[in-house]
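> Quick one: sequence plus predicted model below, questions after.
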Amino acid sequence: MQFWIIQGLNSLSLGGLLFLLSSGFSLIFGLMRLANLTHGAFFMLGTYFGATALRSYSGLNIWVTALGAGIAVAAIGGLFERLVLTRLKTNPLGQVLVTLGMSFIISDACLMLWGGDPIPVPTPRGLQSPTRVLGFVFPTYRLVLVGCAIGAAIVLYFLLERTRLGAMIRAGVDDRQMARAVGIPVSNLFTVVFCLGAGIAGAGGVLGGPILSAYPGLDADMLPLALIVVILGGIGSLLGAFIGSFIIGFIYTFGTALFPELAYVILFLPMIFVIAFRPQGLFGRVGA
Amino acid sequence: MKWIGVTLLAASFLLPPFFAGDFYINLASQILIAGVFALSLNLLVGFGGMTSLGHASYLGVAAYISALLTSRYGFGHGAAALISITGTTAMAAFFGVVALRATGLGFLMITLALSQVLWGLAYRMSDVTNGDNGIAGLTRPTPFGISLDSAVSFYWFALIVASVAFLMMTIFVSSSFGSSLKGVRDQPRRMAALGFNPWMIRWITFIYAGFWGGISGLLYVYYNKYIHPTSLSTTSSAEALLGVIAGGSGALGGPVVGAALVLLLKNYASAYVERWNMLLGLVFLFIVLVVPTGIVPGLSRLLAGLRRGPR
């Protein structure tokens, strides 16, 4: 029983992390029609920033660190979008290729700066002691992480559905030409959304640090998970990213625990299933 | 003019074994292997308009099957090659069914995810694939009793296979089927209205590309006598795609030139710097931003301009 509950919680926390990663990916894809293959690298960059900051200043609060790293990664993402991606507006294939190139550059730069050994990220001091609920023992940090992801989902939902900026983003997702025609600055919106997506991924990287630790190849481990989440959930859909993240979180965690060697193959089954019967994803719109 | 070019090209492939040292002959063999791989990818990218970021799957899986069968299960090279190519082609048929549910960026993401799954499998399933250690101590086949262990004999073997591959793929794209493939790339709806089945045309091309990807995988594992999960990685797929884009996906020989450039760059660069991935990334940015149509079409446009003279 303890096994199932603990693995269940691990699944939820991985799902939460995946949501922080894939929501940005999905938003960027929805608005910009751009498969941002740098997204895993943004996540990893956040983890390394967080690891460095938290290990050098032991009194530092993890939430402040996540915010700071998120802003730093958002700035890097913004620069990349402004300097490179905007030049390739008419060349979607070129855009994907430069995001792939950028991911190689970032991951190699991380290897150069931080070396090849994994860097563990300390769990925040106040959250180290386990929580007891109904006689079961839970790692507190993982519980908090799930809460964080749900909080982020709510904030993103309100941002998209209830604010002026969100309305402009939704208009851009639905019909970019019309949005331009009614005076929405779509190009600036691209930059905002790209920064936002990169920033959430970077902050998610910090929060994932205590569970995953920072290591070379983290980007290559996370990116396919994010891809599978959005293929499963539907490209450009926030709800799809949310549900998809938790589905993949469960499948991956239980797959790794029960059939460690086949975890990757098990991941692939729901994807095939969804693609076969609902190619636009669970919550995607047709032709996304 | 055209015949001079063909003669020069033939000479550049036929002459090296007679005067070049082993290092350069081995480099030439590697270029041939990368060339076959890039050509097979270009069937998808250039002629089919399907940008795959998972083409290393076919190279890697063919290489792994052959390596496992010959080293662990005592199969002969002939049988192992046959099973490996059949298996790889069957896998391409299956992956094609999955990936071709989508087009464009969706296709790209699915191929990437599928290849990452295989890469993860090669890494994690260490009692079968030997994980990060890779499978070493493999042998080269001896077709008709001829040993391929020397650099020169392997070069001739690779050259024969590569020539057949080039010929077969040229016939494929210049056939009527190739024309319908280009039609589907440019105008899928019109082709459907004309009674063609775009999905079927794409799927057959996908399988054919997987087949030749598998052949290049066999050459790869014979050449290296070693196989490691990195040959299945995104980097490996990306290198091939960079070769195709850099050389020019529109031209038939473009991908070979591009693959050769990527390989030479990798060989020379790794002698001086450790950071191949970073360099690869920078080259990606450079190619896409500066010569987006590729080097070969760019050069031929330049040559055509020169011939017409300044205006």
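On my side now, so go ahead. Numbering: from 1, shown residues only, chains lettered A, B, ... in the order given.

> all contacts plus neighbour counts: C-alpha atoms, from now on.
Will do.

> How about whatever residue of chain B ends up closest to chain A: what's its closest non-neighbour residue?
Nearest to chain A, among the residues of chain B, is B:Gly281, at 3.7 Å (CA to the nearest CA). Closest residue in space to B:Gly281, ignoring its immediate chain neighbours: A:Gly101 at 3.7 Å, by CA to CA, 6 or more residues apart in numbering or on different chains.

> Next up, the contacts around the one you found.
A:Gly101 makes contact with B:280-285 under the criterion CA atoms under 8 Å, 6 or more residues apart in numbering or on different chains.

> With B:Thr89 instead?
When contacts are counted by CA under 8 Å, 6+ apart, B:Thr89 touches B:207-208, B:210-211, B:214.

> What pLDDT is listed against whichever residue of chain A sits closest to chain B?
Per CA to the nearest CA, A:Gly101 is where chain A lies closest to chain B, at 3.7 Å. Note on A:Gly101: pLDDT of 89.

> Now do the SS call for it.
Secondary structure for A:Gly101, judged by DSSP: H, G, I helix; E, B strand; the rest coil, is helix.

> Tell me the spacing between it and A:Leu207.
Counting by CA to CA, to the nearest Å, the gap from A:Gly101 to A:Leu207 is 26 Å.

> What segments of the stretch 51-200 of chain B are helices?
B:56-71, B:77-99, B:104-124, B:126-129, B:151-174, B:176-186, B:188-193, B:198-224 (DSSP state H, counting those that start in this stretch).

> Is it possible to get TSV of those that adds mean pLDDT?
Below are the helices of the stretch 51-200 of chain B laid out as TSV (pLDDT from 0 to 100):
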stretch	mean pLDDT
helix B:56-71	91
helix B:77-99	91
helix B:104-124	84
helix B:126-129	78
helix B:151-174	89
helix B:176-186	90
helix B:188-193	90
helix B:198-224	93
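
> ok, back up a step: can you tell me which of the contacts of B:Thr89 are buried?
Among these, the ones that count as buried by 16 or more other CA atoms under 10 Å in any protein chain shown are B:207-208, B:210-211, B:214.

> got the residues you listed as JSON lines, with distance to A:Phe19 columns?
Formatted as JSON lines, these follow (distance: CA to CA, whole Å):
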{"residue": "B:Ile207", "distance to A:Phe19": "35"}
{"residue": "B:Tyr208", "distance to A:Phe19": "37"}
{"residue": "B:Gly210", "distance to A:Phe19": "34"}
{"residue": "B:Phe211", "distance to A:Phe19": "37"}
{"residue": "B:Gly214", "distance to A:Phe19": "36"}
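
> Go through those residues and name the one nearest B:Ser71.
B:Gly214 (18.4 Å; CA to CA).

> For the closest one, give me its contacts.
B:58-63, B:84-85, B:88-89.

> The same query, at a cut-off of 7 Å, please.
Neighbouring residues of B:Gly214 by CA atoms under 7 Å, 6 or more residues apart in numbering or on different chains: B:58-59, B:62, B:85, B:88.

> Using TSV, lay out these together with neighbour count.
Putting these into TSV (neighbours: other CA atoms under 10 Å in any protein chain shown) gives the following:
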residue	neighbour count
B:Tyr58	31
B:Leu59	28
B:Ala62	32
B:Ile85	26
B:Thr88	28
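
> The residues you listed: which two are farthest apart?
Going by CA to CA, the pair spanning those furthest: B:Leu59 and B:Ile85, at 10.0 Å.

> Quickly find the element holding B:Leu242.
helix B:234-247 (DSSP states H and E).

> neighbouring contacts of that helix?
B:38, B:42, B:53-56, B:254-255, B:257-259, B:262, B:284, B:287, B:294-296.

> For it, buried residues please.
Result for helix B:234-247 [16+ other CA under 10 Å]: buried residues B:234-247.

> before we move on, what about stretch A:90-108?
Buried-residue list, stretch A:90-108, by 16+ other CA under 10 Å: A:92-108.

> now swap in stretch B:63-76 and tell me
Residues of stretch B:63-76 classed as buried by neighbour count (16+ other CA under 10 Å): B:63-71.

> Those residues of the stretch 101-250 of chain B touching chain A, which are they?
B:101-102, B:105, B:109, B:113, B:116-117, B:120-121, B:124-125 (CA under 7 Å from any CA of the partner chain).

> any chance of those in TSV, with distance to A:Ala51 and neighbour count too?
Formatted as TSV, these follow (distance: CA to CA, whole Å; neighbours: other CA atoms under 10 Å in any protein chain shown):
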residue	distance to A:Ala51	neighbour count
B:Arg101	41	17
B:Ala102	39	18
B:Leu105	34	19
B:Met109	30	25
B:Ala113	28	25
B:Gln116	26	25
B:Val117	28	24
B:Gly120	25	22
B:Leu121	29	21
B:Arg124	26	20
B:Met125	30	17
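
> can I get those residues in TSV with distance to A:Ser213?
Output for these, formatted as TSV (distance: CA to CA, whole Å):
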residue	distance to A:Ser213
B:Arg101	36
B:Ala102	35
B:Leu105	31
B:Met109	26
B:Ala113	23
B:Gln116	21
B:Val117	22
B:Gly120	19
B:Leu121	22
B:Arg124	19
B:Met125	23
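
> Among those, which one lies nearest to A:Arg82?
Closest approach between those and A:Arg82, by CA to CA: B:Leu105, at 21.5 Å.

> show me what contacts that closest one?
B:Leu105 touches A:Ala35, counting by CA under 7 Å, 6+ apart.

> let's see 10 Å
If a contact means CA atoms under 10 Å, 6 or more residues apart in numbering or on different chains, then B:Leu105 has A:29, A:33-35, A:92-93, A:96, B:50-52, B:111 as its contacts.

> and what of B:Val128?
A:261, B:68, B:72, B:121-122, B:135.

> follow-up on the earlier one: return only those of the buried residues of stretch B:63-76 found close to chain A.
Among the buried residues of stretch B:63-76, not one lies near chain A by CA under 10 Å from any CA of the partner chain.

> ranges for the helices of chain A?
For chain A, the helices defined by DSSP state H cover A:2-32, A:39-56, A:62-83, A:92-114, A:140-162, A:164-174, A:176-181, A:186-212, A:218-233, A:238-258, A:263-277.

> In chain A, where is pLDDT below threshold?
Applying pLDDT under 70 to chain A picks out residues A:285-288.

> at 80 what do you get?
Across chain A, the ranges flagged by pLDDT under 80 are A:1-3, A:58-60, A:89-92, A:124-138, A:235-236, A:260-265, A:267-269, A:271-273, A:275-288.

> still on that earlier bit, how far is the helix or strand that contains the residue of chain B closest to chain A from where the chain is centred?
Using DSSP H and E, B:Gly281 maps to helix B:276-290. Put simply, helix B:276-290 sits 19 Å off its chain's centre (CA atoms, centre = their mean, to the nearest Å).

> And it, what does it pack against?
helix A:92-114, helix B:234-247, helix B:254-272 (3 or more CA pairs under 10 Å, 6 or more residues apart in numbering or on different chains; DSSP states H and E).

> returning to that earlier point: could you dump the contacts of B:Leu105 to a markdown table with distance to B:Tyr222?
As requested, the contacts of B:Leu105 are arranged in a markdown table below (distance: CA to CA, whole Å):
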| residue | distance to B:Tyr222 |
| --- | --- |
| A:Phe29 | 41 |
| A:Arg33 | 41 |
| A:Leu34 | 39 |
| A:Ala35 | 36 |
| A:Pro92 | 37 |
| A:Leu93 | 33 |
| A:Val96 | 33 |
| B:Met50 | 29 |
| B:Thr51 | 28 |
| B:Ser52 | 25 |
| B:Thr111 | 26 |
